[in-house]
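Asker: next comes the sequence, and after it the predicted model I'd like to discuss.
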Amino acid sequence: MKKIYFLAVLFLVLSAGEIFAQSESSTLEIVGYTKQKGRAIKGATVTVYDGASVVDTKSSLGGGRFVFHLEFGKKYKVTVVKDGFIELFFEIDGTLPGDETLENMTTDLDIKMIRQPLDGTKNTYDKSVAKVFYQDELGEFDYDWDYDDQVTNELREVQKDIDTKDKLFKKQNKDKLEDLAKAEHDEAKAKEESMRLAAEKEKSESTALLAAENAKAEEAKRLAQESKEKAEEAKRLAEADRKQKEAELNALKAEEEAAKAEAEKAKKFAADEQKKREEESMKLEAERLKAEAASKELEEEVKKLAEEKKKTEDAAKAAKIAEEEKYRKAEDAKRLAEETLRKETEAKKLAEEQRLAEEAAETARIAEEERLAIEAAKKKAENDARLKAEEEAKKKAEAAEAKKLEDARIAKEEEAKRVAKEAERKRIADEARQKEEDAARAEAEVERLAEMDRQKKARAARAELKKKKKALEEVARAEVEALKLAKIKADERATAIQDSIRRDEIEKIKKATEITKQKAAEEKIKAAEAKAIANAEKAKEEEAKRAAGEEERKRKEEARMLAKEQGEARSRANAEKEKAAEEKRIAELKIIREKVMADSLLQVKLLEEKNRIASELELQKKKDAIDKYKAEQAKQAKVIGQSSEPSQKDITKMQDSEKKSYLSDLASQHGEGNHVTTLNEAKRVVTIVIVVKDGKATEFKWMKYNWGGNYFFKNGVSITQGQYGTGTSG
């Protein structure tokens, strides 16, 4: 633990130092490539000036590449010089905006070199071929690509003028070609002789190398055999380890089966409890129906009493009307008697109405008492059921708590067993890893001793080759002197021969040269065959090493897969246990909750209504989601249908005049703004953006390949991603 803490502190200190150093020495990296008609130009001298002072000088390397790291806040001039080429320069403005953080930045550019004419005249180009500065819209340094387009067109015209001069020069000097051909023939003859000597030399060296490679191959075979024996031993140990791990895996599978059985037991317990709950629910439902029937009977009785009261009132009203009619007819004859009789009749009527009202009130009181008695009985039954449910829930909770404590104890014991097994597995793995490391160290030591022996033999072979080379050089010098004398005599003889004889002699020399070439080629083929044999032996050695490495890799892969299976089996067993415990807990909670909910019929109805509303809301959500998806599909189909067909012309294959005409046609076909077309091809997606601004069209392309490559173009010329984004964002 202390070691890990120390390494962490050391890493933080080094990281902080690196960040501080970066902030103190941030630079602008300029990466350039010198090219001529697409080919890299090596050996160009590139010099950076700060005013009149030279900052740095380098030569372009492989691929024409050169790199400078410059300070920010200065303006530089960079010259590119090479014999036989026009001298060029470009400018760099290293100024950063005031709000920009100082950090390392980089940019790259191509320098298009132009060869001087063949006639010896010197052409010049006095303008800067590129301007590099910080571009705010990109947030980085890059060259001005609009200025680059202008300079490229001018340099293209300079190249055309030089090509015209070269063609004229070759045409004017056509008559001298015959004399030049003879001189070139003599030179070729000397080169062929040199090649023959080199082939003989290469053959002798190849023979020596073949012998050395044979010795190396034998040594490699021996080492491969030793490696194979070591690999077999490691494989045997791995097999024993695998069997032990398989036994552990079987034990874990047994635990997993036990966990599954426990889960099934919990499911069965939950099903039994569910059945009991349903039976109790059915009993409560029967009691509820009985109470509802009693309530309905009471309501019917109250309704009958109300109807009888209404009939009595209607009869009283009819009697009153008849009595009033009778009294009205006899009004003139017996007014005083009728008045007295009326008063008596009204008194009797009031007494009768009071009696009927008292009877109705008594009937209503009796009905209300019966209703209250039924309500009290119903509440008592519900209260008894609730108390019974609470008592059972309490017992279940106590049983669940006891079961939970027992499960915790078992889980603790299982965890202790698992920790012990994990420690044992780790110990076995550490021992196996230690054995692998010991085997690897032994193998590395064997490789080191073999390499030292090979180097010793190679040094001896080089010393022997050096002696032979010196002897061959002496022989070659003597032969070269003889060839020089023969050439002088041949030249003297050639000047005295007529043109026709001279042509015959040249033809004979050509034939002799062809024969010499053929012999040299045969010698070269033999040398190549010898070299191929040596390479084949070397390949066998490499194949033996590769086979040993592959065997080791397979063994490690098998061990890794076995460990993975053990981990997965352990995870499945734990998951099954947790799932069984969770299902059991959920079933118990569900039973308790539903029993508590069953204490009131009103709560049951509310729950059913709530579920119905939730179901309706869920259906509405699904319907809305389907409608939204259909609308989006229709909108997408409409957009695809409105896409225009892309142009099939390739601007990269056009000349300047064709390109201008093509861009002019694009400006006419499309209006102002950006016009995007996408081509989905087998291995790439091509996005074409036609930008029309102020009546001028520019074609941008983005080619995105399936393997991850991204390429950007403007009017057929490669550009950066930042330039593409800037050009198409308007």
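Answerer: Yep, that arrived.

Asker: from here on, just use CA atoms for contacts and neighbour counts.
Answerer: Fine.

Asker: which SS state does Asp163 fall under?
Answerer: Secondary structure, DSSP: H, G, I helix; E, B strand; the rest coil: Asp163 is helix.

Asker: tell me the contacts of it?
Answerer: Asp163 makes contact with Pro117, according to C-alpha atoms under 8 Å, 6 or more residues apart in numbering.

Asker: now swap in Ala420 and tell me
Answerer: Not one residue lies near Ala420 by C-alpha under 8 Å, 6+ apart.

Asker: ok, 10 Å please
Answerer: Ala420 is in contact with Glu414, Lys426, counting by C-alpha atoms under 10 Å, 6 or more residues apart in numbering.

Asker: that one sits in which helix or strand?
Answerer: For Ala420, the element it lies in under DSSP states H and E is helix 335-496.

Asker: helix or strand right after that helix?
Answerer: Taking DSSP H and E as the definition, the helix or strand right after helix 335-496 is helix 499-597.

Asker: next, the angle from that next one to helix 335-496.
Answerer: Angle, helix 499-597 to helix 335-496, by axes from the mean of the first three to the mean of the last three C-alpha atoms, to 10 degrees: 160 degrees.

Asker: how far does helix 499-597 sit from the chain's center?
Answerer: Distance, stretch centre to chain centre, for helix 499-597: 23 Å (C-alpha atoms, centre = their mean, to the nearest Å).

Asker: centre-most residue in the protein?
Answerer: Centroid-nearest residue in the chain, with C-alpha atoms, centre = their mean: Gly708, separated by 10.1 Å.

Asker: so that residue touches Arg684, yeah?
Answerer: Yes - counting by C-alpha atoms under 10 Å, Arg684 is a contact partner of Gly708 at 9.4 Å.

Asker: now the nearest residue to Pro117 once chain neighbours are set aside: how far from Gln116?
Answerer: In space, and not counting its chain neighbours, Pro117 is closest to Ile162: 5.5 Å by C-alpha to C-alpha, 6 or more residues apart in numbering. From Ile162 across to Gln116, the span is 7 Å (C-alpha to C-alpha, to the nearest Å).

Asker: cool, Ala682 as well?
Answerer: From Ala682 to Gln116 the distance is 45 Å (C-alpha to C-alpha).

Asker: three-state assignment of the residue nearest to the centre of the chain?
Answerer: Applying three-state DSSP: Gly708 is coil.

Asker: tell me the spacing between Glu264 and Lys584.
Answerer: Glu264 is 10 Å from Lys584, by C-alpha to C-alpha.

Asker: between the two, which one's more packed in?
Answerer: Comparing Glu264 with Lys584 by other C-alpha atoms under 10 Å, the one with more neighbours is Lys584, at 22 against 15.

Asker: that one reaches Ala400, doesn't it?
Answerer: Yes - taking contacts as C-alpha under 10 Å, Lys584 lies within contact range of Ala400: 9.4 Å.

Asker: CA atoms of stretch 73-91 as CSV?
Answerer: Extracted C-alpha coordinates of stretch 73-91, given in CSV (Å, rounded to 0.1, in the frame of the first residue of the first chain):
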residue,chain,number,x,y,z
GLY,A,73,4.8,36.7,-31.0
LYS,A,74,7.3,37.1,-33.9
LYS,A,75,7.1,37.3,-37.7
TYR,A,76,9.3,34.9,-39.7
LYS,A,77,10.5,34.5,-43.3
VAL,A,78,11.4,30.9,-44.4
THR,A,79,13.5,30.3,-47.6
VAL,A,80,13.7,27.0,-49.5
VAL,A,81,16.8,26.6,-51.7
LYS,A,82,18.0,23.6,-53.8
ASP,A,83,20.4,23.4,-56.8
GLY,A,84,18.5,23.1,-60.1
PHE,A,85,15.3,24.6,-58.6
ILE,A,86,13.7,28.1,-58.3
GLU,A,87,14.4,29.6,-54.9
LEU,A,88,11.1,30.1,-52.9
PHE,A,89,10.0,31.6,-49.6
PHE,A,90,6.9,31.8,-47.3
GLU,A,91,5.9,34.0,-44.4
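
Asker: run the chain-centre distance for it.
Answerer: On C-alpha atoms, centre = their mean, the centre of stretch 73-91 falls 42 Å from that of its chain.

Asker: tell me the average confidence for that stretch?
Answerer: Averaging pLDDT along stretch 73-91 gives 94.

Asker: give me the buried positions along it.
Answerer: The neighbour-count check on stretch 73-91 (16 or more other C-alpha atoms under 10 Å) flags 75-82, 85-91 as buried.

Asker: go on, stretch 402-415?
Answerer: Of the residues in stretch 402-415, none is buried (16+ other C-alpha under 10 Å).

Asker: now do that stretch: everything it contacts.
Answerer: 396-401, 416-421, 574, 577, 581, 585.

Asker: rewinding a little: looking at Ala682 and Gln116, which has the bigger crowd around it?
Answerer: Taking other C-alpha under 10 Å, Ala682 and Gln116 do not tie; Gln116 has more neighbours (20 against 8).
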